[in-house]
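1. The amino acid sequence is not available; the structure is as follows:
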């Protein structure tokens, strides 16, 4: 009884996690009933005869082919249909050939055919490219070929058998695919898209909150609030393990027809590139996270001095990733992340100047390790963020996203806003209309590393609409 | 033609990569021919009649169930057998129930049963635990239940149908399983074991070579030799991506009966724990690798001072992992990694003393970042190595590995060898018989960090047969 209640609870959890699962279950039931009714009420009656039994293949096809997402259903359906057709044709040929050889040799020849075909096809299944896309088709190929070859019917009967097998597989497969596409479809492509957007958001959330966590600005607070915040912060851990999901979804997405905003030949592979970079970033975050509550007590005054660039590096990277996520979500080209990347890079410069100035001379070596590892991780994150935004930009142009609409106020003149930060060292460019500003002038106030910065912006692939100007 | 040659080349590559694939292909062919001959020469003749068509299920079962590894074949075979049996029983009951209700309502009732069962079972497939182990069984359950429910036979005929279906599935399944086990078996468990051993070796190889690479002792050499060495070194990258393989193998291994040295209930899960730790280590190595050829020129004199502890940390960690790998490979308990772990930890101490002594005061901050990140990564690796050896120890006792045999010379008295290292700072304990020594005395020469070391050994879980003694 307790066990049963537990199962019900588990069922509710599974259903709530993704309500489309419940819908999918009903869809399978409906498809099965539809297809079986179709055959049940045929003139030759329920499956009592030879054709009837063959009609079982229709039900079987529905059960085996109907998968959760449209991509998976299509992939299995097409694999099954084509494999049945090809194997049927080959098996008919083999049968003809064998029947020419006389009554005694025929079964030996047929068995040899089956052996050779099965062994060869099984071996081909190990080819990486075949395994990735046609594994199921090869299985059905072996199956159909063996069944038709070894059936002892006469040739005309075999033709009937093959034909009815093909037609029933088609009926089952086509109804599965149609129901899968037209009744509350689950698109693997859409899922991949949403997964990437949500992963970008998660990483961005961590980076935007990192400053407050690291510098303990929120240490005093309700224990429950603190715990909830930490849980939210550690959601990035799901990004670390999303590779297999993403790979599977991308593999299915290429089977799907154009749908919604996704056109034909949508660059699904490019999603995996962005995801791989994002995972690199998440690995750095994972390392960074272990330093948030580290025991090394870095002297308060040094911490204070480093706070501003630290915060800015992580905050601006976070914002850049957030902009990339918005661009992806809305499926519009955007260059609003450039400004944040430039800001984060200039914070890197400031930090390196600070470090060069020798403020760390009094720090204990072990504290230094902790501190400098954090620096190096943040540096990595800034670099990876640039790569992520580049990759999203490539994705946007490969997928032919629309250009960003400049909604109400389209600024025709470059607009400049200058914010002098607290430390007095970091100049920070801010577009007047953060989302809509087309033209942005970055003014850098750092006064001692002009040359460094020059090197940096040249490798920056800055968009045309971002003008870099130095004081 | 060119295409064909390419396919042949690909085939040769796939075959050479793992020759068991070729054997597997032949096994599938043989199983198929065996099972089909069995039915082909039955008194009721080749598959011309009702029973004959049912006999097709045997062939089908072979094609679908026969997988590469014994574990996969068993898992599918058992899933299929049990699901067919249970579904057959339930479907018979449903049929009985429906036939009581009269000619008109019967089909409606049957269809309702099918709908409800299919929808429910499809939903249950989403349960994580079901999905992991019984996904295929649930599929076959839906299939068999629907087929038997919807067949329009009378009850006695249905009993015949269900019986022959079950018996053919059994014949197909059992022959697949038997051939899979007794003809050149491929054990998923053995594969998992070998994979872990080889991954341990790869990581150990990197760590043992790291010193030479980092300190450029081998910079001048034939370009080809250098490249080959780098390729060997970067083999650790395969460890980063082995998670999905390991998970899949472990999932299959639990289905396998005892074989070779693997007993019943071999702790396969524990392999995943070791593998996870090893992957953490490989991630650190990946980061470390990027520093080997880094452009930061650390002053030669400082590099020289740090060389000894650096080399020792990585070399001794590498040796510890190598010992763990040997223990796993031979399936014998071992404690010979303890000594290497102690050595690597004492090198950590020496390094931290060195750093405290202020030798880094003149180093540029950016060089410092590179240098100290390396230190912090090596530190992590030493710590993870300890966890790995602990985890291998747990694995060894969970799997009831034999105790290490002390082959020829069993030392009854503790034997001590003392090697004073070049730097004059690191005392290094060496067992006289590196593999066979049961008793080892570690003598530490470091003269300024007794207290630190005390703290350290207490958390060291040192084995009873390692005696720590200080000068």
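-> Arrived safely. Note that this is a predicted model, so its numbers are computed, not measured. Residues are numbered from 1 along each chain as shown, chains lettered A, B, ... in the order given.
2. Between helix B:365-398 and the helix or strand hosting residue A:386, find me the angle.
-> According to DSSP states H and E, residue A:386 maps onto helix A:365-398. For helix A:365-398 against helix B:365-398, the angle by axes from the mean of the first three to the mean of the last three C-alpha atoms, to 10 degrees is 90 degrees.
3. Packing partners of helix A:365-398?
-> helix A:188-214, helix A:268-292, helix A:300-330, helix A:336-356, helix B:336-356, helix B:365-398 (3 or more C-beta pairs under 8 Å, 6 or more residues apart in numbering or on different chains; DSSP states H and E). Backbone N, C-alpha and C define where each C-beta goes, glycine included.
4. which one of those lies closest to residue B:116?
-> helix A:188-214 (27.9 Å; C-beta to C-beta).
5. For that closest one, what is the distance to the chain centroid?
-> Mean-position distance between helix A:188-214 and its chain equals 12 Å (C-alpha atoms, centre = their mean, to the nearest Å).
6. so how far is the helix or strand following that helix off the chain centroid?
-> Counting by DSSP H and E, the next helix or strand C-terminal to helix A:188-214 is helix A:223-233. Taking C-alpha atoms, centre = their mean, the mean C-alpha location of helix A:223-233 is offset from the chain mean by 27 Å.
7. Which residues does helix A:223-233 contact?
-> A:205, A:206, A:209, A:213, A:218, A:289 (C-beta atoms under 8 Å, 6 or more residues apart in numbering or on different chains).
8. Which of those has the largest number of neighbours?
-> If you count neighbours using other C-beta atoms under 10 Å in any protein chain shown, the busiest of the contacts of helix A:223-233 is residue A:206, which has 27 neighbours.
9. Run a quick neighbour tally on the closest residue to that one other than its chain neighbours.
-> Ranked by C-beta to C-beta, 6 or more residues apart in numbering or on different chains and with sequence neighbours excluded, the top spatial neighbour of residue A:206 is residue A:236, at 4.8 Å. Applying other C-beta under 10 Å, we find 23 residues neighbouring residue A:236.
10. Residue A:210 versus residue A:236, what's the distance?
-> Distance from residue A:236 to residue A:210, counting by C-beta to C-beta, to the nearest Å: 10 Å.
11. Equivalent analysis for residue A:57, please.
-> In terms of C-beta to C-beta, residue A:57 sits 58 Å off from residue A:210.
12. more neighbours, those two?
-> Neighbour count, other C-beta under 10 Å: between residue A:57 and residue A:210, residue A:210 has more, with 25 against 20.
13. so what's the more buried one up against?
-> Contacts of residue A:210 (C-beta under 8 Å, 6+ apart): A:288, A:292, A:314, A:315, A:318.
14. Over to residue A:66?
-> A:27, A:28, A:31, A:73, A:176, A:179, A:180.
15. Now do the residue found closest to residue A:403 once you drop the neighbours it is linked to in the chain: how many residues are near it, please.
-> Spatial nearest neighbour of residue A:403, excluding adjacent residues (C-beta to C-beta, 6+ apart): residue A:333 at 5.2 Å. Residues near residue A:333, counting by other C-beta under 10 Å, number 16.
16. related to what we said a few turns ago, so which of the helices and strands packed on helix A:365-398 gets nearest residue A:259?
-> When those are compared by C-beta to C-beta, helix A:188-214 sits nearest residue A:259, at 7.2 Å.
17. check contacts around the residue nearest to residue A:206.
-> The contact partners of residue A:236, by C-beta under 8 Å, 6+ apart, come to A:202, A:203, A:205, A:206, A:282, A:285, A:286, A:289.
18. try it again with 6 Å
-> By C-beta atoms under 6 Å, 6 or more residues apart in numbering or on different chains, the contact set of residue A:236 is A:202, A:203, A:206, A:282, A:285.
19. Equivalent analysis for residue A:256, please.
-> Residue A:256 makes contact with A:70, A:71, A:187, A:189, according to C-beta under 6 Å, 6+ apart.
20. Can you say which of these are buried?
-> With neighbours counted by 16 or more other C-beta atoms under 10 Å in any protein chain shown, the contacts of residue A:256 contain buried members at A:70, A:71, A:187, A:189.
21. Might you list the low-confidence residue ranges for chain A?
-> A:40-55, A:152-155, A:217-221, A:293-297, A:365-366, A:404-471 (pLDDT under 70).
22. any idea how far residue A:288 is from residue A:312?
-> As judged by C-beta to C-beta, residue A:312 and residue A:288 stand 15 Å apart.
23. which one is residue A:389 nearest to, not counting chain neighbours?
-> Sequence neighbours aside, residue A:337 is the residue nearest to residue A:389 in space, at 4.5 Å (criterion: C-beta to C-beta, 6+ apart).
24. for residue A:344, same thing?
-> Spatial nearest neighbour of residue A:344, chain neighbours left out: residue A:316 (3.7 Å); criterion: C-beta to C-beta, 6+ apart.
25. what do you get for residue A:74?
-> residue A:255 (4.6 Å).
26. Counting neighbours, what do you get for the one you found?
-> Residue A:255: 20 surrounding residues under other C-beta under 10 Å.
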